[in-house]
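In: Show me how the following folds:
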Amino acid sequence: MEQFVHCVLLFSGIILTCVTTVSADFPLLMPQVQPTQNETYLCTGFHVASSKHQYIVAFRPNATKHVAHHILIYGCESPGYREWDTPRAVWDCGEMATSHSMFHKGPTCRTGSQIIYAWAMDAPALRLPEGVGFKIGGNSGINYLVLQVHYADTTAFLDGQKRDSSGIVLSLVPGDTNQVKRRAGVYVLGTGGMIRAHTKENFESACRINENLTLYPFAFRTHTHKLGKAVTGYVVRKGQWTNIGKHSPQEPQMFYPAKKGLKIVKGDVLAARCTMQNFRDRDTYVGPTGNDEMCNFYIMYYVDGDRILNDKQCFSYGPPIYYWHSDPLLRDDLTTKVNEDASTLD
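Out: Numbering: from 1, shown residues only. Okay, the predicted model is just below:
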């Protein structure tokens with residue numbers, strides 16, 4: 001539990017009033033699970049009070065990269081699996097489940113899926129900017145929070161002794177607080193595709209924003225597996241490319257501060273590139289396991305008011321089918337300078 005004191009000044013340094021906001025911890029943790037198959041994805045759901053909304057203002061990991069390959073928090077209208085007499089049901093929510101799985105099989109969300117937070121590679125805690133929060137419960141459309149943990153290597157569990165409670169501890173403040181006035185959201189760009197053995201390849205995506213909103217990006221996160229070298233995101237307006245952020249996906253995959261002063265408005269194009277170098281003797285495809293690849297660029301933003309984007313993700317087929325230079329949204333504005341900037345970390 002934490003306290004935040006906000007004071008309002010009337011004039012000449014005279015304090016008009018002070019308000020103390022208390023945040024409560026809400027632990028989203030696996031209930032002492034024992035996965036025994038490599039590349040297992042496990043989910044567990046947490047019901048959120050439907051009578052009134054709350055705000056998430058911080059995320060504190062309770063995990064290590066030696067156990068959890070990555071962790072996602074989804075907001076769901078309804079979860080992918082429920083047992084009415086089991087308050088903390090666990091289910092297999094991966095694409096690669098086999099008939100030998102000891103867990104029930106189901107999607108992450110049954111309806112109303114949206115990503116709220118992502119963690120990997122021992123990323124540290126994240127606190128949102130002052131006045132910003134993720135709205136859950138009430139009329140937010142999020143009735144459940146679902147924790148998804150990817151266990152890439154389960155060797156440590158095979159002795160039958162070790163159990164795991166990896167997850168994220170949330171900091172929540174009540175919905176009637178006047179300290180949260182800007183609602184947060186996440187927009188994700190991702191690709192499919194493949195990279196040939198011993199080659200370099202760009203995995204790219206781009207989508208136009210068609211909703212009449214002004215988004216203020218304040219953080220970004222990159223995600224690939226072992227082949228990623230650089231991941232970069234842009235907002236493109238009237239032919240002008242502005243860098244939102246770039247980072248090596250081989251460093252802690254946390255949310256890093258986005259470029260300051262950015263706005264995203266209706267008509268803008270959001271674009272992302274993951275530059276990959278395949279050192280393997282085999283072709284590698286985008287997929288869910290650590291032996292596959294992924295290309296994701298997350299944009300965490302806020303809006304003034306209560307309405308966030310309805311369309312929360314952008315996906316392309318990736319190479320060899322999709323590239324920026326073949327996309328009518330971008331091909332006339334793609335310069336050599338942008339092309340070089342997108343694949344370097346300088």
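In: What segments of the stretch 151-300 of the chain are strands?
Out: Ranges of strands within the stretch 151-300 of the chain are 167-174, 182-191, 194-195, 200-208, 216-223, 228-237, 240-247, 256-257, 269-277, 284-285, 296-304, based on DSSP state E, counting those that start in this stretch.
In: Show me the helices in this protein, by range?
Out: Taking DSSP state H to define them, one finds helices in the chain at 336-341.
In: give me the low-pLDDT residue ranges for it?
Out: Applying pLDDT under 70 to the chain flags the ranges 1-21, 85-87, 96-100.
In: How about the contacts made by the residue lying closest to D306 once chain neighbours are set aside?
Out: Ranked by C-beta to C-beta, 6 or more residues apart in numbering and with sequence neighbours excluded, the top spatial neighbour of D306 is R183, at 5.5 Å. From N, CA and C alone the C-beta is placed, and that goes for glycine too. By C-beta atoms under 8 Å, 6 or more residues apart in numbering, the contact list for R183 reads V132, G133, F134, K135, Y302, V303, G305, D306, R307, I308.
In: out of these, which are buried?
Out: Buried subset of the contacts of R183 (neighbour count, 16 or more other C-beta atoms under 10 Å): V132, G133, F134, K135, Y302, V303, I308.
In: any idea which of the residues you listed is the one closest to E39?
Out: Nearest to E39 out of the buried ones among the contacts of R183 is F134 (C-beta to C-beta; 29.0 Å).
In: quick one: the closest one from Q313, how far?
Out: For F134, the distance to Q313 (C-beta to C-beta, to the nearest Å) stands at 16 Å.
In: wouldn't S316 be in contact with G192 here?
Out: Yes - S316 is within contact range of G192, at 7.2 Å (criterion: C-beta atoms under 8 Å).
In: List the residues that contact G193.
Out: E201, F203, Y285, V286, C295, S316, Y317, G318, P319, P320, I321, Y322 are the contacts of G193 under C-beta under 8 Å, 6+ apart.
In: so what's it closest to, chain neighbours aside?
Out: Closest to G193 by C-beta to C-beta, 6+ apart is G318, at 2.2 Å.
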